[in-house]
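Asker: My questions concern the predicted model and sequence given below.
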Amino acid sequence: MVEKWLEDLESCQLCEHRCRVNRLQGEKGVCCMTFPVVASACLHPAPPKSYTVFTAGCNFKCVNCQNWTISQYPDNGQSVRGSIGPQELASECLEQLHSFVGRLMGADRLFFSGGEPTIHLPYIEEVVRNARISAPDTKVNFDTNGYLTEESLERVLRFTTSITFDLKAFHNEVHRAITGADAQPVLRNARHIATYARDKLWEFRIPVIPGVNEGEIEPLCQFIADVDSSLPVCFLAFRPNFLLEEHPGATFKLMERCVATGRKVGLRSMYWSGQANISGKVREIDAAVEDYYQHPEARLAASYALRGGCATHPRECKICDFRNQCRVKRYIPHRST
């Protein structure tokens, strides 16, 4: 008999790809994951301070992914910790969270990240349920790329204390070129949280990639400001990674300009974080993608995706004939920063 918390995996519709595959029978959708897998878990000082569980796999194939060893599992052959029962993981989380080191660093919650935790939502719910049997006041953060169904988002809101939410692009073409998926579900969910669950939003996080999504910063800031100008925003400085391993990192000047842009459209709570001024070289736009994208930044992102083996343009992982034999997921960069 299948445990109740696993039933959602029999026809998976946890994210907006809605692949409807039976993961329990080994069928694979866009994320290529079957059973939930923990990549790693550790006490983590990044805000909010926590015991962070990194789940393996992701429903995006972002050209800039800094956690590519986790997000593109299992296709990339990288090692992960493996399958852990939800009760066992819950006990470990509480033990580490309330350990001497955990208390010393001020860790006050469990933090689920990845990859993308949405694809393992029933597992995470079961871990949290078990943790709260022993410690009812356990706080939980959910770190997401925002590509949840509306039903999954409501489930997340029911058990979370805080949410960290990534916004990579405002325009659909640019978002698809970067991630392989549409922007609209992400923006819909961001608006819902900002409007109806403001108290749960830790912050919106916007990665800043020179030449790839610079033009998206102002419309994203305007989108947030139009909902609530007091919403917290963190701009994350891109550093060369994954398919963008040779691309230049964000500069100090660019990051300061992002904060100024946010201020210009009315945002009141912003900062930037990360390592800036890492050198690199922008590759030329590949002529093979020019006819598929109008936006120059989308063309550049797609050129990197093409170099990494992406076979479908404009990018749309859900309908790609090669989604389960994706060369992007098997890409191993030579440079890591």
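Answerer: That came through fine.
Asker: Could you check how far residue 12 is from residue 86?
Answerer: In this view, residue 12 and residue 86 are 18 Å apart by C-beta to C-beta, to the nearest Å. In this view, the C-beta of every residue, glycine as well, is placed from N, C-alpha and C.
Asker: neighbour count winner among these two?
Answerer: residue 12 (25 against 20; other C-beta atoms under 10 Å).
Asker: pretty sure the more buried one is in contact with residue 28, am I right?
Answerer: No: with contact defined as C-beta atoms under 8 Å, residue 12 does not reach residue 28; the gap is 9.6 Å.
Asker: Find the residue closest to the residue positioned nearest the centre of the chain in space, skipping its chain neighbours.
Answerer: The residue lying closest to the centre of the chain (C-alpha atoms, centre = their mean) is residue 145, at 3.5 Å. If the residues on either side of it in the chain are set aside, residue 145 comes closest to residue 166, at 5.0 Å by C-beta to C-beta, 6 or more residues apart in numbering.
Asker: mind listing the helices for this protein?
Answerer: Secondary structure of the chain (DSSP state H): helices located at 68-71, 86-97, 100-105, 121-134, 150-159, 172-179, 184-196, 217-227, 252-264, 296-307.
Asker: Tell me where the model's unsure across the stretch 201-337 of the chain.
Answerer: Low-confidence segments of the stretch 201-337 of the chain, defined by pLDDT under 70: none present.
Asker: related to what we said a few turns ago, how about the residue nearest to the centre of the chain, phi and psi?
Answerer: Backbone geometry at residue 145, expressed as degrees, to the nearest 10, gives phi -90, psi 0.
Asker: How much space separates it from residue 119?
Answerer: Residue 145 is 10 Å from residue 119, where distance means C-beta to C-beta.
Asker: Could you name every residue contacting both of these two?
Answerer: Jointly contacting residue 145 and residue 119 under the rule C-beta atoms under 8 Å, 6 or more residues apart in numbering are 58, 59.
Asker: burial count for residue 79?
Answerer: For residue 79, the count of nearby residues is 9 (other C-beta under 10 Å).
Asker: Spit out the contact partners of it.
Answerer: By C-beta under 8 Å, 6+ apart, the contact list for residue 79 is empty.
Asker: Recalculate using a threshold of 10 Å.
Answerer: With contact set as C-beta atoms under 10 Å, 6 or more residues apart in numbering, residue 79 has these partners: 39, 40, 69, 73.
Asker: just how off-centre is stretch 160-167 within its chain?
Answerer: Stretch 160-167 sits 10 Å away from the centroid of its parent chain (C-alpha atoms, centre = their mean, to the nearest Å).
Asker: pLDDT averaged over that stretch, what's the number?
Answerer: Stretch 160-167 shows a mean pLDDT of 98.
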